[in-house]
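Undergrad: what follows is a protein structure lacking sequence information:
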């Protein structure tokens with residue numbers, strides 16, 4: 001009788017492992033009746049833990065000397081900027097939505113004529129202080145000058161307030177572009193505020209004044225609970241929830257030999273033929289263990305939603321460096337990945353003739369797709385057809 005040894009992925013602990021194992025066993029019974037399914041619970045024995053009860057987690061704002069702590073002037077401005085980095089036009093939209101009906105007398109200038117003119121001049125001349133936030137100011141100013149939001153916003157705000165809204169919009173646009181480009185250098189809050197002040201003056205505001213305003217707070221308020229302040233203040237709870245998954249990966253890459261040795265010892269006590277079935281990090285553990293030495297009785301390696309091929313290609317797989325081939329003792333390798341799972345990678349292009357890929361489609365978006373393999377009949381069919 002074939003025995004499938006399941007090696008789980010990151011963050012899985014009891015009682016969830018038992019539930020997952022029962023689901024896999026039920027799925028395999030439909031395609032391979034009589035197969036035995038066992039779990040290698042490396043997480044319970046070797047998984048990441050906060051050994052000092054979270055002593056490394058800093059206190060959040062308001063509990064120490066942080067300048068960004070919430071105070072008498074309202075919520076942390078970091079949340080307001082986080083909202084604008086996500087949608088640089090959010091404050092302008094809020095202002096435009098507040099505009100009422102207005103009739104411009106014949107011959108009078110429309111309220112948006114001057115700000116559009118100043119934006120076009122800024123697009124032509126640039127602004128050195130804003131350039132410190134990254135390139136793209138001329139293009140951002142030119143685009144903002146064409147915005148249909150500018151007209152109603154100019155009707156709702158006085159010129160001073162509008163200049164500051166436009167300055168924050170431009171600043172947020174530049175920062176957001178840097179984030180999208182994965183720029184390794186980002187501005188500090190002081191540099192950002194200096195850029196806002198300089199841009200606001202260039203767009204018609206008084207030189208002195210604060211870079212914050214009530215509309216910015218209004219634009220940021222709806223997402224405060226999802227923003228940075230919420231995350232920072234709940235850092236301990238979020239770390240408690242996330243550290244098993246993230247910590248498992250880091251611990252394996254730094255000290256994975258105990259997990260591999262544990263799998264060797266587990267397999268040694270199982271009657272052959274044996275199939276190693278690994279999900280996510282579990283697939284990496286199974287692959288690494290097989291590469292590092294023969295496992296008698298193991299006739300098939302099956303990885304599901306695993307990053308093993310990616311680690312190998314990037315030089316991060318502990319047991320094998322690209323372009324070295326798989327050792328001859330590694331058994332046939334079946335690698336399944338969902339086409340929507342951003343953590344599943346292809347092995348066949350890297351190991352032609354040694355690995356076989358099967359692409360599946362759970363029709364679930366990521367990250368759900370990374371855990372939807374075990375309710376996908378196509379996964380069990382692919383495994384069952386290849387069991388020894």
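TA: It's in. These numbers were taken from a predicted model, which means no experiment stands behind them. Residues are numbered from 1 along each chain as shown.
Undergrad: can you classify residue 133 as helix, strand or coil?
TA: coil (DSSP: H, G, I helix; E, B strand; the rest coil).
Undergrad: so where is the protein shaky, pLDDT-wise?
TA: For the chain, the stretches with pLDDT under 70 are 50-54, 56-57, 59-76, 98-109, 126-132, 184-185, 208-245.
Undergrad: what are the phi and psi angles of the residue nearest in space to the middle of it?
TA: The residue lying closest to the centre of the chain (Cα atoms, centre = their mean) is residue 367, at 9.7 Å. Main-chain torsions, residue 367, degrees, to the nearest 10: phi -90, psi 0.
Undergrad: do residue 360 as well
TA: Dihedral angles (degrees, to the nearest 10) for residue 360: phi -120, psi 170.
Undergrad: ok, residue 345 next?
TA: phi -130, psi 160.
Undergrad: let me see the contact set for it.
TA: 306, 307, 308, 309, 310, 337 (Cβ atoms under 8 Å, 6 or more residues apart in numbering). Backbone N, C-alpha and C define where each C-beta goes, glycine included.
Undergrad: swap in 7 Å and give it another go.
TA: Shown in contact with residue 345 (Cβ atoms under 7 Å, 6 or more residues apart in numbering): 306, 307, 309, 310, 337.
Undergrad: same check, this time on residue 177
TA: By Cβ under 7 Å, 6+ apart, the neighbours of residue 177 are 134, 136.
Undergrad: now it: how far from residue 84?
TA: Residue 177 sits 13 Å away from residue 84, going by Cβ to Cβ, to the nearest Å.
Undergrad: and residue 343, how far from residue 273?
TA: For residue 343 relative to residue 273 (Cβ to Cβ), the value is 29 Å.
Undergrad: the two: which has the busier surroundings?
TA: The residue with more neighbours, out of residue 343 and residue 273, is residue 343; 19 against 16, by other Cβ atoms under 10 Å.
Undergrad: distance of the closest residue in space to the more buried one that isn't next to it in sequence from residue 135?
TA: Once flanking residues are discounted, residue 343 sits nearest to residue 370: 5.1 Å by Cβ to Cβ, 6 or more residues apart in numbering. Residue 370 sits 36 Å away from residue 135, going by Cβ to Cβ.
Undergrad: of those two, who's got more company?
TA: residue 370 (21 against 14).
Undergrad: and that one, what does it touch?
TA: Here residue 370 is in contact with 280, 305, 341, 343 (Cβ under 7 Å, 6+ apart).
Undergrad: what's the closest of the residues you listed to residue 141?
TA: Taking Cβ to Cβ as the measure, residue 141 lies nearest residue 343 of those, at 39.8 Å.
Undergrad: my guess is the closest one contacts residue 305, does it?
TA: Yes. At 5.9 Å, residue 343 and residue 305 qualify as touching, with contact defined as Cβ atoms under 7 Å.
Undergrad: any shared contact partners between the two?
TA: With Cβ under 7 Å, 6+ apart as the test, residue 343 and residue 305 both reach 280, 370.
Undergrad: you'd agree the residue nearest to residue 343 is in a helix?
TA: Yes. Under three-state DSSP, residue 370 falls within a helix.
Undergrad: do you know how far it is from residue 192?
TA: 36 Å.
Undergrad: next one: residue 371
TA: Residue 371 is 39 Å from residue 192, by Cβ to Cβ.
Undergrad: so who does the closest residue to residue 95 other than its chain neighbours touch?
TA: Once flanking residues are discounted, residue 95 sits nearest to residue 153: 4.1 Å by Cβ to Cβ, 6+ apart. By Cβ under 7 Å, 6+ apart, the contact set of residue 153 is 92, 95, 96, 99, 162, 165.
Undergrad: let me know the helix or strand that residue 153 is in.
TA: helix 150-156 (DSSP states H and E).
Undergrad: equivalent analysis for residue 38, please.
TA: strand 36-40.
Undergrad: parallel or antiparallel, which strands does that strand pair with?
TA: Counting by DSSP bridges, the strands paired with strand 36-40 are strand 3-7 (parallel).
Undergrad: burial measure for the residue lying closest to residue 351 once chain neighbours are set aside, as a count.
TA: Of all residues not flanking residue 351 in the chain, residue 326 sits nearest, at 5.6 Å (Cβ to Cβ, 6+ apart). For residue 326, the neighbour count with other Cβ under 10 Å is 20.
Undergrad: from residue 319, how far out is residue 326?
TA: 10 Å.
Undergrad: ok, now residue 325?
TA: 13 Å.
Undergrad: quick one: which of the two has more around it?
TA: It is residue 319, of residue 325 and residue 319, that has more neighbours when counted by other Cβ under 10 Å, with 19 against 13.
Undergrad: please name the residues that touch that one.
TA: 288, 291, 292.
Undergrad: out of these, grab the one that's most surrounded.
TA: Going by other Cβ under 10 Å, residue 288 tops the contacts of residue 319 with 23 neighbours.
Undergrad: and the residue nearest to that one when sequence neighbours are not counted, how far is that from residue 290?
TA: Nearest residue to residue 288 in three dimensions, chain neighbours excluded: residue 319, at 4.4 Å (Cβ to Cβ, 6+ apart). Taking Cβ to Cβ as the criterion, residue 319 is separated from residue 290 by 9 Å.
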